Every structure is written in structure tokens, then in C-alpha cells.
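using only what follows, build the 3D model:
(one chain, ligands or ions: 1)
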Amino acid sequence: MLLCNAYSVLSYRISGTPFMLSEDNIELQFATNHMGHFLLTNLLLDTMKKTTHESKREGRIVNVTSCGHRFTYRGGIRFDKINDESSYQKFHAYAQSKLANILHANELARCLKHVAGY
Ligand SMILES: NC(=O)c1ccc[n+]([C@@H]2O[C@H](COP(=O)([O-])OP(=O)(O)OC[C@H]3O[C@@H](n4cnc5c(N)ncnc54)[C@H](OP(=O)(O)O)[C@@H]3O)[C@@H](O)[C@H]2O)c1
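Numbers count the residues shown, from 1 in each chain. Have a look, this model is predicted:
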């Protein structure tokens with residue numbers, strides 16, 4: 001089982017996460033909340049499939065998202081403006097990263113539909 005639960009906090013509870021870049025130069029909320037989970041899942045996927053096959057026990061990948069995913073930027077995830085500081089809105093940025101969690105989980109479920117054990 002893989003549980004993806006981390007999220008960028010910083011001063012979120014007080015005033016929202018200010019615009020910052022990760023070490024890889026990706027807006028910090030998107031990097032932590034989505035890209036990190038996406039990468040970790042991809043890195044572990046083959047091992048998880050193998051373990052599921054060998055153990056004959058069901059595998060699970062769980063992404064913790066938020067009802068806040070509904071409050072993303074107008075038009076959804078702004079893939080062309082992830083790092084655009086001038087139009088950055090902290091709560092919309094959090095929301096788009098959480099929407100990305102959902103889309104990722106849905107697509108993964110679709111791709112793994114025919115893999116035994118998932
Ligand atoms: N709290 C809410 O109101 C709420 C509402 C809806 C959804 N959620 C979701 O629930 C999940 C957990 O939230 P929470 O409120 O329980 O948060 P939390 O207690 O503040 O925990 C967040 C966790 O994320 C880890 N983290 C932060 N940056 C990281 C990074 N770059 N790499 C790896 N780990 C990192 C932190 O690790 P350290 O402890 O080492 O700093 C911490 O353990 C999140 O996905 C959040 O979006 C929360």
C-alpha cells in the first residue's frame with residue numbers, strides 16, 4: 001500500500017503559502033502536493049505490481065486530496081502558468097494541486113484497471 005499524504009504547509013494555516021519554488025524550480029505547492037506524489041508513485045509502481053503478483057494480495061495507492069480542489073483557478077489546472085508568480089493566488093494554487101491529485105488517481109485507476117490485484 002502506498003499512501004500519499006504530504007502537503008506544503010509553511011504559513012498556509014495563517015495566510016496561505018506564499019509563492020516559492022522547489023529545488024527543482026516548480027511552484028512549491030504543486031511540487032509537493034502533486035509532483036512529489038506523482039514521481040514517488042511512478043518510482044514504486046513496478047515494485048508494487050510485482051509484490052501484488054507474488055503475494056496475491058491486493059495493492060492500494062491512496063492519494064489524500066481536499067474538497068478544496070473545487071476552488072482552483074478558472075479553467076482548471078494552469079499547466080502553462082504553474083510558475084507564474086505575477087498571477088499566483090495561494091488558495092487557487094493549493095486547489096489546483098489537489099485537483100491534480102484527483103486526476104492522477106483517476107488516471108492511475110483507469111490504467112491499472114486490467115492489472116490483477118488493483
Ligand atoms: N488539515 C486540513 O484542513 C485538510 C483539509 C483537506 C485536506 N487535507 C489534506 O490532508 C493531508 C494532510 O494534511 P494535514 O492537515 O494532516 O497536514 P499536516 O499535519 O500539516 O502534515 C503535512 C505533512 O506533509 C509533510 N510534508 C510537507 N512538505 C513535504 C515535502 N516537501 N516532502 C515530504 N513531506 C512533506 C509534513 O512533513 P513534516 O512533518 O516532516 O514537516 C507533514 O508530515 C494533505 O494532503 C492535505 O492537503 C487537509
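
could I get the phi/psi values of residue 41?
Per-residue torsions, residue 41: phi -60, psi -50 (degrees, to the nearest 10).

and it, what is it in contact with?
Contact analysis of residue 41 by CB atoms under 8 Å, 6 or more residues apart in numbering lists 2, 4, 61, 104, 108. Backbone N, C-alpha and C define where each C-beta goes, glycine included.

7 Å - rerun?
2, 4, 61, 108 (CB atoms under 7 Å, 6 or more residues apart in numbering).

next: residue 65.
Per CB under 7 Å, 6+ apart, neighbours of residue 65: 98, 101-102.

just give me the closest of the residues you listed to the ligand.
Ranked by distance to the ligand (CB to the nearest ligand atom), these are led by residue 98 at 6.0 Å.

doesn't that closest one fall inside a helix?
Yes - assigned with DSSP: H, G, I helix; E, B strand; the rest coil, residue 98 falls within a helix.

these two touch, right, it and residue 67?
No - between residue 98 and residue 67 there is no contact under CB atoms under 7 Å: 8.6 Å.

more crowded one of the two?
residue 98 (23 against 8; other CB atoms under 10 Å).

which stretches of this structure form strands?
2-4, 61-63 (DSSP state E).

contacts for the last one?
Put plainly, it is strand 61-63. 2-4, 37, 41, 101, 104-105, 108.

got the buried residues for that strand?
61, 63 (16 or more other CB atoms under 10 Å).

is that strand anywhere near the ligand?
No - Strand 61-63 lies out of reach of the ligand by CB under 6 Å from any ligand atom, never closer than 8.0 Å.

for that strand, which strands pair with it and how are they oriented?
strand 2-4 (parallel) (DSSP bridges).

anything in the strand it pairs with near the ligand?
No - for strand 2-4, no contact with the ligand is found by CB under 6 Å from any ligand atom; the gap never falls below 7.7 Å.
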